[in-house]
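>>> Quick one, what's the 3D model for this:
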Amino acid sequence: MTFLKRMYTVPELIQPQIFPFTLPLFTHGIDHEFGSDVTIFVGENGAGKSTILEAIAAKCDFHLAGGGRNQRYQHQESASPLAQALRLAWFPKVTEGFFLRAESFYNFATYVDEVARDDGNMLDAYGGTSLHHQSHGESFLNLFKHRFRRGLFILDEPEAALSPQRQLAFMRIIHELTRSGNAQFIIATHSPMMLCYPGADVISIDGDTLQPIDYRDSAHYRITSDFLAQPQRYFKQLFTDE
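Model (predicted):
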């Protein structure tokens with residue numbers, strides 16, 4: 001189900017001289033309507049994907065180092081100026097969900113261990129074992145399988161710890177949750193496999209626009225597809241002396 005219908009910035013709250021409004025995408029503000037229960041943002045590093053996800057998470061009151069509304073632990077980051085200028089339109093409004101940042105997942109796993117010392121059932125929501133005692137990929141997948149139930153799930157490069165096979169398993173989890181009508185996913189990714197998720201709205205960040213595209217038109221998909229078909233052609237260009 002598409003709980004979050006729209007995100008937009010309030011023009012008078014845009015601060016042109018302050019990051020991230022110095023990025024082309026945010027200079028004049030953004031206005032985007034969500035039309036699918038799976039939205040995937042794709043673009044080059046530094047284009048603004050993570051900035052958008054963090055701002056949405058801040059407006060949902062999710063922990064910005066990773067977690068939901070009930071996680072309160074150290075390493076909380078301050079919301080960016082984009083979050084202060086951003087407004088969200090919901091129907092219906094949900095408060096459940098989770099914000100995943102691959103880069104700060106270690107801190108979240110430590111928090112889970114600390115709570116588990118006083119709450120013997122805490123680890124049940126994460127596969128029954130400390131996230132620190134699992135491989136990075138296992139911990140991510142167990143988080144998705146056992147912790148995700150209902151709400152808005154904001155995932156910043158979830159493929160970072162997942163092998164291709166586990167990316168397929170993750171897409172199965174997305175399918176099961178969205179089919180139940182209980183979940184909406186907003187994902188930033190570089191994974192060509194994730195871009196292929198059936199029915200997803202793929203939104204390309206290209207300069208100053210948020211542009212809906214077919215996943216086959218994304219640079220990520222085209223370059224990966226071309227490379228796998230003809231790797232030697234790329235190597236010939238990459239490794240010449242010129």
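
>>> rest of the way, CA atoms for contacts and neighbours
Noted.

>>> Tell me which residue lies nearest the centroid of this protein.
Closest to where the C-alpha atoms of the chain average out (Cα atoms, centre = their mean) is Leu155, at 2.4 Å.

>>> Kindly indicate whether that one is helix, strand or coil.
Using DSSP: H, G, I helix; E, B strand; the rest coil, the structure places Leu155 in strand.

>>> That one and Ile187 touch, don't they?
Yes - contact criterion Cα atoms under 8 Å: Leu155 and Ile187 qualify, at 4.8 Å.

>>> Need the overlap of contacts for those two.
Listed as contacting both Leu155 and Ile187 by Cα atoms under 8 Å, 6 or more residues apart in numbering are Leu53.

>>> Quick check: buried residues in the helix with the most length in the chain?
Secondary structure of the chain per DSSP state H: the longest helix is helix 164-179. Buried residues in helix 164-179, counting neighbours by 16 or more other Cα atoms under 10 Å, are found at Arg166, Gln167, Ala169, Phe170, Met171, Ile173, Ile174, Leu177, Thr178.

>>> Tell me the helix or strand right after that helix.
strand 183-188 (DSSP states H and E).

>>> tilt between that next one and helix 164-179?
140 degrees (axes from the mean of the first three to the mean of the last three Cα atoms, to 10 degrees).

>>> what's strand 183-188 packed up against?
Judged by 3 or more Cα pairs under 8 Å, 6 or more residues apart in numbering; DSSP states H and E, strand 183-188 is in contact with strand 38-42, helix 49-59, strand 151-156, helix 164-179.

>>> end-to-end on stretch 224-239?
Counting by Cα to Cα, to the nearest Å, you get 18 Å between the two ends of stretch 224-239.

>>> ranges for the helices of this protein?
Assigned by DSSP H, the helices in the chain fall at 49-59, 81-85, 105-116, 136-147, 164-179, 192-195, 219-229, 231-238.

>>> one step back: for the residue nearest to the centre of the chain, which residues make a bridge with it?
Leu100, Ile187 (DSSP bridges).
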